[in-house]
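> Build me a model from this:
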Amino acid sequence: MVSFEVDNENHMEENVFSAIKDRRPNYKWRNFKSWVIDGIIQDFQKRMKDKDLAQLFANCWPNTLDRFIRKINNNQDTPRTFVVPGGIEVMFLRDSTMQVLSYVPYISKDSDLKNMILGVINLQAEYILENPYANSFYAPDDSGISRPYNPWYNNDISTPQRSELTWQVKWQVDSLASFLKLSYNFWVHTKDESLIFNITWRKAVRKVLATLRDQQSGTIEEFENVAYSFSRESRNPGETLSMGGIGMAVTRAGLIKSQFRSSDDSTTFPFIISSNAMIAVELEHVQEVLVKNDPKLADELGDLAIEIRKAIQDYGVVNHKKFGKIYAYETDGFGSVNLMDDAAIPSLISLPYLGFVDVNEPTYQNTRKFVLSEFNKYFFDGQFTTGIGSQHTGLGYVWPISICMRILTSTDDDEIKSNLDQIKLLSLSSGLIHEATWYNDTENRTREWFGAANSLFGEVILKVAHERPHLIFSENYLPSGIPVYIPGFLILIALVIFYSYVNARLR
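Numbering: from 1, shown residues only. Predicted coordinates:
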């Protein structure tokens, strides 16, 4: 089992030099520049006592801005921003939200940043209207961005059929939830009513609602007239769906079918509890956005959220022989359940992060203990790392995203410190967060570039700084009513005022 010293005086002692290299591109080569984000990074680098962790934050948090923003139509009334995940020139609805979400609280201070993120929302809306069942898309025709080779172009058979814009038609309910999540957070931090009155955005929200309602249908209900199917010729069963492309059968239960997990693997049972939890929360959020300007649509969103929440309690909670009441990962409404967790978000461990439950809720706490134990088939405890993996990368590969989520859902200082150390260890040689790392070899990794994972680590540091600053900041920089650290320009201003006062008195 991996063990880190977290309770001694030397833990996270202030070190002057970093073993982690600066991985940011030269300033002039960065794809998008935000003075606000850069200012926060510089401030944190001064204040953080562990310079390796500080450099990792500086590399990871702006990674999407530096490298993965591909197209911004700043001169248009409706901006559009194309965001790639790293490693492939396509845009995923889920990844693009994860990549830019942690920048949203700062958009009121940076109009260019606000415009860029509004462009992400606008393009997501266009994509949903193009095909609400697709999870990833090419750049728009008028972008001038070349399209990568698609190895499945002549292989995949889907309903609805792929259009010229779609990369993959893997139906994942969290893709639509991610669009709603980014929209809501943008609205919260701007109160920008133009989003609500954007016709394309409003149509996309209605399309989301209609698609979710369709996917509440039981398998027999829609037999021979399915809204969605997907088949791919592959030796990997996780790349296609059973029963001629419709997937395993379900019965109407109030839950939403999702034939693929957020890891891009096909489901065992199509009702994914964490994905349903995420969509319920985001339906409630967008209900709040629309309640004054479109109360009818707002009520429809709220009614569906209530149905889903009730169904999760009715069908998604089971009694485990060791852990008691826990949330299942998947179910079919007939009584079959899949007890596990996958590292990709939304996951069961992420339920408080998603806003579905309080972190201290008993069923969640039981579930958390379960997914972080040998009872979870994708929990791996190795020589160098411990965490949750995924069918997507196979046995033995731990996803740093799961370690980040363990920190984000922890209320224990020692657990947080231990897992920060673990992430730092996994990133020492590369200076970035990756998709997965072999649990007995920190140099055996998948995906060199993974924008969503880097952004999530940035979110981890921001949250720890806000809630538990003593864990990462030097004592001289801890908040104590009036910060000990005062920027140099404020000192200069104070000296000028004092000098003027003294001169006036001498006269």
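> show me where pLDDT drops low in the stretch 151-300 of the chain?
Counting by pLDDT under 70, the stretch 151-300 of the chain shows no low-confidence range.
> just so I have it, where are all the helices in it?
Assigned by DSSP state H, counting those that start in this stretch, the stretch 151-300 of the chain shows helices spanning 173-190, 199-214, 242-245, 273-290, 295-315.
> how far is the fourth one from where the chain is centred?
In terms of CA atoms, centre = their mean, to the nearest Å, the gap separating the centre of helix 273-290 from the centre of its chain is 15 Å.
> And for the third one?
Averaging C-alpha coordinates over helix 242-245 and over its chain gives two centres that are 30 Å apart (CA atoms, centre = their mean).
> which parts of that helix are buried?
Using 16 or more other CB atoms under 10 Å as the test for burial, helix 242-245 gives Gly245. C-beta coordinates here come from the backbone N, C-alpha and C atoms, glycine included.
> repeat for the fourth one
Residues of helix 273-290 classed as buried by neighbour count (16+ other CB under 10 Å): 273-287, 289-290.
> cool, and the second one?
If you call a residue buried by 16+ other CB under 10 Å, then helix 199-214 has these buried ones: 201-202, 204-205, 207-209, 211-212, 214.
> burial count for Lys321?
By other CB atoms under 10 Å, the residues close to Lys321 number 6.
> Let me know the distance separating it from Phe334.
21 Å (CB to CB, to the nearest Å).
> cool, Ile72 as well?
Relative to Phe334, and taking CB to CB, Ile72 is found at 48 Å.
> the more surrounded of these two?
Ile72 (18 against 14).
> For the nearest residue to that one once chain neighbours are set aside, which residues are in contact?
Spatial nearest neighbour of Ile72, chain neighbours left out: Thr81 (5.2 Å); criterion: CB to CB, 6 or more residues apart in numbering. Neighbour list for Thr81: 69, 71-73, 116-120, 122-123 [criterion: CB atoms under 8 Å, 6 or more residues apart in numbering].
> so where's the stretch 1-150 of the chain uncertain?
Looking at the stretch 1-150 of the chain by pLDDT under 70, you get 1-17, 74-76.
> Strands along that one, start to end?
69-72, 81-83, 91-92, 136-137 (DSSP state E, counting those that start in this stretch).
> highest average neighbour count across these?
Mean neighbours per residue, mean count of other CB atoms under 10 Å, is largest over the strands of the stretch 1-150 of the chain for strand 91-92, with a mean of 28.
> How about residues contacting it?
Contacts for strand 91-92 (CB under 8 Å, 6+ apart): 82-85, 123, 127, 135-139, 175.
> Provide the strand pairings for that strand, with the direction of each partner.
strand 136-137 (antiparallel) (DSSP bridges).
> from memory Glu307 sits against Arg252, does it?
No - judged on CB atoms under 8 Å, Glu307 makes no contact with Arg252 at a distance of 10.7 Å.
> Quickly list what's touching both of those two.
Gln216.
> Just put the helices of the stretch 151-300 of the chain in CSV and tack on distance to Glu435.
Below are these laid out as CSV (distance: least, CB to CB, whole Å):
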stretch, distance to Glu435
helix 173-190, 17
helix 199-214, 28
helix 242-245, 26
helix 273-290, 19
helix 295-315, 28
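> Of all the ones you listed, which one is nearest Thr409?
Closest to Thr409 of the helices of the stretch 151-300 of the chain, according to CB to CB: helix 273-290, at 12.5 Å.
> got the contact list for the residue nearest to Arg447 when sequence neighbours are not counted?
In space, and not counting its chain neighbours, Arg447 is closest to Glu435: 3.8 Å by CB to CB, 6+ apart. Residues in contact with Glu435 (CB under 8 Å, 6+ apart) are 393, 399, 445-447, 450, 453.
> Distance of Glu435 relative to Leu426?
Distance of Glu435 to Leu426, given as CB to CB: 11 Å.
> now Val84
Relative to Leu426, Val84 is positioned 23 Å away (CB to CB).
> same check, this time on Glu475
Relative to Leu426, and taking CB to CB, Glu475 is found at 28 Å.
> So for those two, which residue has more residues nearby?
The residue with more neighbours, out of Glu475 and Leu426, is Leu426; 24 against 10, by other CB under 10 Å.
> quick one, what contacts the more buried one?
384-385, 400, 403, 433-434, 437, 442.
> Remind me which helix or strand it belongs to.
helix 413-427 (DSSP states H and E).
> Can you dump the C-alpha atoms of that helix in PDB for me?
What follows is helix 413-427, C-alpha atoms only, in PDB (Å, rounded to 0.1, in the frame of the first residue of the first chain):
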ATOM      1  CA  ASP A 413      -6.300  17.400   6.300                       C
ATOM      2  CA  ASP A 414      -4.100  14.300   6.300                       C
ATOM      3  CA  GLU A 415      -6.000  12.700   3.400                       C
ATOM      4  CA  ILE A 416      -5.700  15.900   1.500                       C
ATOM      5  CA  LYS A 417      -2.000  16.300   2.100                       C
ATOM      6  CA  SER A 418      -1.300  12.700   1.400                       C
ATOM      7  CA  ASN A 419      -3.100  12.800  -2.000                       C
ATOM      8  CA  LEU A 420      -1.500  16.100  -2.900                       C
ATOM      9  CA  ASP A 421       1.900  14.400  -2.400                       C
ATOM     10  CA  GLN A 422       0.700  11.500  -4.500                       C
ATOM     11  CA  ILE A 423      -0.200  13.700  -7.400                       C
ATOM     12  CA  LYS A 424       3.100  15.500  -7.100                       C
ATOM     13  CA  LEU A 425       5.000  12.200  -7.300                       C
ATOM     14  CA  LEU A 426       3.100  11.100 -10.400                       C
ATOM     15  CA  SER A 427       3.900  14.400 -12.100                       C
END
